[in-house]
Every structure is written in C-alpha cells, then in structure tokens.
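Student: sequence first, predicted model second:
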Amino acid sequence: MLEKGMIAEDPILTQVSAVSAGVVNGRPVLDLNYIEDSGCDTDMNVVMTGEGAFVEIQGTAEGAPFSRAELSELLRLAEKGNLEIMAAQRAAFEA
C-alpha cells in the first residue's frame, strides 16, 4: 500500500512477537504445548518488541508459587524464544 501511494507512511513501527514459558514438573520450559500448559505449575506469556522491550508479561502460579529465580529463568527463556521468532519473521519478509 505504501508503494502504491495508498498510505503516506509505513504503519509498522517495530516487530512484535509472543511466546509462552512455564514450569512443568519443576523444570522451566519454553513454548508449552497443550498438555504441558494444562498441567504446569507456572504459566507465563511474554510479548516483546523488536528492540527487546516488553509489551506484556503475564504469569500465573497454576499449581505452586514460583520463586524470583524461576521468574528470571522464565523471562530469559521467553526472551530467547522471542528473538528466534523475530529472526524467523525477518527471514519470511526477506524471502
């Protein structure tokens, strides 16, 4: 639309990606599947921008409270996952 002059400026300001992370059987896990999500101790969703800023961090102790150390590890995993998703997004746009 930008190239055709239908809009004056690019509405896309940055990339955005989202991923889940959680504690399953006492182990931090990235990108929980349905079975893991339905039985996990902690469930988190993390949304990030292309610059590494957080849009949303939502975490819930489903089965057991989580520690600050577990929170830090889940955020580390989520950041890693979001960076991988954004790399795949960039590759798709370049193709």
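Tutor: Right, received. Where do you want to start?
Student: now the helices: where do they sit in this protein?
Tutor: 34-39, 68-94 (DSSP state H).
Student: pick the most buried one from these.
Tutor: Among the helices of the chain, helix 68-94 has the highest mean neighbour count (mean count of other CB atoms under 10 Å), at a mean of 15. (C-beta placed from N, C-alpha, C; glycine too.)
Student: starting at the chain centroid, how far to that helix?
Tutor: The chain centre lies 6 Å from the centre of helix 68-94; the measure is CA atoms, centre = their mean, to the nearest Å.
Student: before we move on, back to that, out of the helices of the chain, the one nearest residue 25 is which?
Tutor: Residue 25 sits nearest to helix 34-39 of all these, at 8.4 Å, using CB to CB.
Student: wait, residue 85 sits on residue 30?
Tutor: No: using CB atoms under 8 Å, residue 85 is not in contact with residue 30; the gap is 10.8 Å.
Student: which residues do those two both contact?
Tutor: Counting by CB atoms under 8 Å, 6 or more residues apart in numbering, the residues touching both residue 85 and residue 30 are residue 19.
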